[in-house]
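In: Output the structure for:
(chains A and B)
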Amino acid sequence: MDKTGPLMLTKTRRPKYLNVLKIYLPVTGVASILHRISGVLLFLSIPFLIYALSLSLRSPESFAQVTSFFDNMFMRAFSLILLYSLAHHFFAGIRFLLLDLDVGIDLKTARASALGVILAGLLVFVLAVVGVLL
Amino acid sequence: MSIRAQGMRAWLLQRLSGAYIGLYLLIALFTLGTGPALDYTRWHHLLSQPVVSIASLLFFFFILIHAWVGIRDVLLDYVQLTALRFSILIVLALGLLTMGIWVSMILFSVVRL
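Out: Numbers count the residues shown, from 1 in each chain, chains lettered A, B, ... in the order given. Take a look at the predicted model:
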């Protein structure tokens, strides 16, 4: 291609800002970005989980204190989001491990497994919500 | 390819730690899901067993490794300013190290050798 021709033209037509809403993210990309977001959320939860572990092992009273955390609706909602994060991160992680082993590496299978991973995570979330409400 | 190749060690560590964390969680889910309801006595007894304690210590150790590699990857992607990224990485490393010592102390205080 003539480098002074069409290429220069397209260069000047590049968008000057990134409109996130105009990006089309394929299903594999959705599974991937959710894996990343859930990973960050899980990371942020580590100190709270260690604190809960410490309380739960201290005495029967503090163990009851930890379980009573979940009487609060706000804490329940928070735990559900964390549980969903864990479920998605778990399923998507297995998918990535398999992809690294060249299992399901062709595009059609990779797309199907990405959708399966997203749905599996959502299924765990829905079951957990139902479990909490019942 | 050499294990010292750029990023190769991190790549491998992320997968090994991920596999261990996943397996631990599955076994934990099965163990806690079966048997009597979980109360303080059962919980404390479970974690006082050396096998469980060591497996759990390893679990947290791998979680901190996994978090280090994962968050570092995220920072490399989104924090372009080298000085800022370096500062955040130092805080992250110190934070993870502190959590590692903290959780070790908790587990060591419960285990019955």
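
In: Off-centre distance for the helix or strand encompassing B:Ile54?
Out: Using DSSP states H and E, B:Ile54 falls within helix B:50-78. Put simply, helix B:50-78 sits 3 Å off its chain's centre (Cα atoms, centre = their mean, to the nearest Å).

In: Kindly report the same for stretch B:93-107.
Out: With Cα atoms, centre = their mean, you get 10 Å for stretch B:93-107.

In: swap in stretch B:41-55?
Out: On the basis of Cα atoms, centre = their mean, stretch B:41-55 sits 17 Å off its chain's mean C-alpha point.

In: contacts for it?
Out: With contacts defined as Cβ atoms under 8 Å, 6 or more residues apart in numbering or on different chains, stretch B:41-55 is touched by A:56-57, A:60, A:63, B:24, B:31, B:35-36, B:56, B:107-108, B:110-113. No exception for glycine: its C-beta is placed from N, CA and C like everyone else's.

In: Check the separation of the first and last residues in it.
Out: In stretch B:41-55, first residue to last residue: 20 Å (Cα to Cα, to the nearest Å).

In: so A:Leu97 is in which element?
Out: With DSSP H and E as the test, A:Leu97 turns up in helix A:73-100.

In: Tell me which other helices or strands that helix touches.
Out: helix A:27-58, helix A:107-133, helix B:8-33 (3 or more Cβ pairs under 8 Å, 6 or more residues apart in numbering or on different chains; DSSP states H and E).

In: Just name the most buried of those helices.
Out: Among the helices and strands packed on helix A:73-100, helix A:27-58 has the highest mean neighbour count (mean count of other Cβ atoms under 10 Å in any protein chain shown), at a mean of 17.

In: Done for today, thanks.
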